[in-house]
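Asks: Here you go, sequence then predicted model.
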Amino acid sequence: MIVFAILFFSWFWSMGIGLQKFIPHNLKMKVQQFKVSFLISFAYSILFLASFAKDHFFSDGIWVKDFEKFQPFFIPLHLFSMCCIIYCMYFIAKTIKTVELDKEVSFSDFSNEFFLLLFYFVGIWYIQPKINQFLKEKTLKNQLAK
């Protein structure tokens, strides 16, 4: 699960940050807010998975007692992490559509991408080929412009 989480978050990072160089200079996106949300959700996910593994696979009784002390904090942290990951999906969907259209976009413009990211197990098959296609076009256009 930890390997899957790292791959999943790497894909999100590459879309959210990697596509920023293709956004027109007159459009500014809140990259810093994305980075903070990303790091919070990534750190929480890895810590949660690690604590789950330690609690269920390497339990010697001591960890379970320590874990119970922190249980009241897990629900708010989990909800906050969920909000952060949803914001990341929002930001990535907006970035994809902004790069694709080369203009400021509203939620109605990128709602399809947002829901494809939300249901990533299906959406990856639509989003990644789309990104590959317009990155190829943008790279070709940049090479021809030089």
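Replies: Yep, that arrived.
Asks: how about the helices of the chain, start to end?
Replies: Per DSSP state H, the chain carries helices over the ranges 2-16, 31-57, 62-101, 107-118, 120-145.
Asks: Return the set of buried residues in the last one.
Replies: With burial defined by 16 or more other C-beta atoms under 10 Å, the residues of helix 120-145 counted as buried are 123, 127, 131, 134, 138. Every C-beta, even on glycine, is put in place using the N, C-alpha and C of the backbone.
Asks: Same question for the second one.
Replies: Buried residues in helix 31-57, counting neighbours by 16+ other C-beta under 10 Å, are found at 34, 37-38, 40-42, 44-45, 48-49.
Asks: How far does it sit from its chain's centre?
Replies: Centroid separation for helix 31-57 versus its chain: 12 Å, with C-alpha atoms, centre = their mean, to the nearest Å.
Asks: for the shortest one, same thing?
Replies: Taking C-alpha atoms, centre = their mean, the mean C-alpha location of helix 107-118 is offset from the chain mean by 13 Å.
Asks: and the closest residue in space to residue 122 that isn't next to it in sequence, how many neighbours?
Replies: The shortest distance from residue 122 to any non-neighbouring residue, by C-beta to C-beta, 6 or more residues apart in numbering, is to residue 116 (7.1 Å). Counted with other C-beta atoms under 10 Å, the neighbours of residue 116 add up to 20.
Asks: Sounds good, over and out.
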